[in-house]
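Undergrad: Sequence and predicted structure below; questions after.
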Amino acid sequence: MEATSISSSRPASEPLGDPVEEARRVVAVATGKALLARVLGGAAVQLQAPDASPLLPRAVKDIDLATPRGARTAVTDALISAGYTPDRMFNALHGAKRLLFYDGKNGRKLDVFVGGFSMCHEVPIADRLEREPLTVPLAELLLTKLQIVQLTERDQRDIYSLTFHHALSDGDGSGIEADFIADLCARDWGLWRTTKSTVERCIASVIDYGLEGDVADLIAGRLAALWARIDAEPKSAKWRLRSRVGDRMRWYNEPEETGAEN
């Protein structure tokens, strides 16, 4: 499908105005330098939709990337060559796990998650980057949305678009791998707790988006099936121990704001 193929054209020397096309270009630049980098966030949701047209489109302001552990220097060099300016103070403090760059031409921010994804919860997005040519795998992409404690309207749109365009799977590596999500939630009570709240909210709110009845039913059905798969997964001893504390102790992190939305 065109939405998941890397452009063979020569990368431009400056960032493109369209953030989704720019995300394609940045991955191509990284690939040309033998660097593994994949898109997440709103740009990835668009790239994973048929013809890059998600069910519930919304503006994409910035670009997020994921790279493997140890890629800090390589990704910095690649992005500078692609026309980006590094935030040297932020990168000096957080660069082992996260890097920040700016596109001065288009007034845009580019975030790089190095080796993992840490916002409200930890998601191991860097372990399977080779599975897709442009974005992180669908399971990880959806989980970066499900793990948000203070869900925004744009996050809900992304969740609905992903679950409409992609069926759930269980163990065969296609679609949204419910078994992968369930396994992570079974090992982390906090992630399980936030995912539960997000799924319940999205099921209850899907009628507010003006979708056709069969479309809304499909989305709600897939979210319900995903939750059933998560709930049925045998839980780890660590999960069971933390569940005894429940909501009496905060179960999520408060992510550091970097001033932009993706």
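TA: Sure, I can see it.
Undergrad: Once you drop chain neighbours, what's closest to K196?
TA: W227 (6.9 Å; Cβ to Cβ, 6 or more residues apart in numbering). The C-beta positions use only the backbone N, C-alpha and C, and glycine is treated the same way.
Undergrad: Tell me how many other residues surround the one you found.
TA: 21 (other Cβ atoms under 10 Å).
Undergrad: In terms of helices and strands, where is it?
TA: helix 213-232 (DSSP states H and E).
Undergrad: got the CA positions of that helix in CSV?
TA: Provided in CSV are the C-alpha atoms of helix 213-232 (Å, rounded to 0.1, in the frame of the first residue of the first chain):
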residue,chain,number,x,y,z
GLY,A,213,-24.0,3.7,13.0
ASP,A,214,-22.2,0.7,11.5
VAL,A,215,-18.9,2.5,11.7
ALA,A,216,-19.4,3.5,15.3
ASP,A,217,-20.4,0.0,16.1
LEU,A,218,-17.3,-1.4,14.4
ILE,A,219,-15.0,0.8,16.4
ALA,A,220,-16.8,0.2,19.7
GLY,A,221,-16.8,-3.5,19.0
ARG,A,222,-13.1,-3.6,18.3
LEU,A,223,-12.3,-1.6,21.4
ALA,A,224,-14.5,-3.9,23.5
ALA,A,225,-12.8,-7.0,22.0
LEU,A,226,-9.4,-5.5,22.7
TRP,A,227,-10.3,-4.9,26.3
ALA,A,228,-11.6,-8.4,26.7
ARG,A,229,-8.3,-9.7,25.4
ILE,A,230,-6.4,-7.5,27.8
ASP,A,231,-8.6,-8.5,30.8
ALA,A,232,-8.3,-12.2,30.0
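Undergrad: helices or strands next to that helix in the packing?
TA: Under the contact definition 3 or more Cβ pairs under 8 Å, 6 or more residues apart in numbering; DSSP states H and E, helix 213-232 sits against helix 153-165, strand 168-169, helix 178-187, helix 189-205.
Undergrad: buried residues in that helix?
TA: 216, 218-220, 222-223, 226-227, 229-230 (16 or more other Cβ atoms under 10 Å).
Undergrad: Identify, from the residues you listed, the entry nearest to E256.
TA: Taking Cβ to Cβ as the measure, I230 is the one of these closest to E256, at 27.5 Å.
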